[in-house]
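S.K.: below is the structure, and that's it, no one-letter string:
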């Protein structure tokens, strides 16, 4: 079994409903158990446009290989109307495989840890909520990484 962390984000349509539906879909993945999910956060778009995003991080236990898990995540996105008209376009749903155990991978299809994880408060804050002692391979402790992005606007939403 591997421990995987998945970033969830949406800023088009009913973003809260999109995140809820994505969590249900994650819970239904084969050979995978949804262990828990962070709080939901609101953050300003980074390198993007459109309304604020809602973000969270889900923690999964899975026997799916990283690329197999990625394919399932992309199928969930497509099922919720995800389009990719251009890089960093606003989206109905974005699911990013952030970490798969401590695996370091750099392939055309997938880079682990996620290549911009350490630059995004909307990933680091919910990740720190779930795993405050987590070490991001090649980057260091999540708490230290969070310090580096403390100027990014993000707020935890009431449940």
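M.R.: Received, thanks. All figures in this text were calculated on a predicted structure; none of them were measured in a lab. Numbering: from 1, shown residues only.
S.K.: how about residue 107: what's its closest non-neighbour residue?
M.R.: residue 67 (7.8 Å; C-beta to C-beta, 6 or more residues apart in numbering). Where you see a C-beta, it was placed from the backbone N, CA and C, and this is true even at glycine.
S.K.: what of residue 26?
M.R.: residue 34 (5.1 Å).
S.K.: okay, strands next: where are they in the protein?
M.R.: 2-10, 32-37, 41-43, 53-62, 94-100, 105-106, 111-112, 135-136, 140-141, 154-156 (DSSP state E).
S.K.: off-centre distance for the first one?
M.R.: Here strand 2-10 is found 4 Å from its chain centre; the criterion is C-alpha atoms, centre = their mean, to the nearest Å.
S.K.: what is the mean pLDDT for it?
M.R.: Across strand 2-10, pLDDT averages out at 97.
S.K.: buried residues in that strand?
M.R.: Neighbour-count burial for strand 2-10 flags 2, 4-10 (criterion: 16 or more other C-beta atoms under 10 Å).
S.K.: adding distance to residue 109, write those residues out as JSON lines.
M.R.: What follows is the buried residues of strand 2-10, written out as JSON lines (distance: C-beta to C-beta, whole Å):
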{"residue": "2", "distance to residue 109": "17"}
{"residue": "4", "distance to residue 109": "16"}
{"residue": "5", "distance to residue 109": "18"}
{"residue": "6", "distance to residue 109": "16"}
{"residue": "7", "distance to residue 109": "17"}
{"residue": "8", "distance to residue 109": "20"}
{"residue": "9", "distance to residue 109": "20"}
{"residue": "10", "distance to residue 109": "23"}
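S.K.: so the residue nearest to residue 26 bridges to which residues?
M.R.: Beta bridges link residue 34 to residue 60 when assigned by DSSP bridges.
S.K.: for it, what are its contacts?
M.R.: Contact partners of residue 34, counting by C-beta atoms under 8 Å, 6 or more residues apart in numbering, are 23, 26-27, 58-60.
S.K.: what's the answer for residue 148, then?
M.R.: residue 118.
S.K.: gap between it and residue 55?
M.R.: Distance of residue 148 to residue 55, given as C-beta to C-beta, to the nearest Å: 18 Å.
S.K.: ok, residue 149 next?
M.R.: 13 Å.
S.K.: between those two, which is the more surrounded one?
M.R.: residue 55 (27 against 17; other C-beta atoms under 10 Å).
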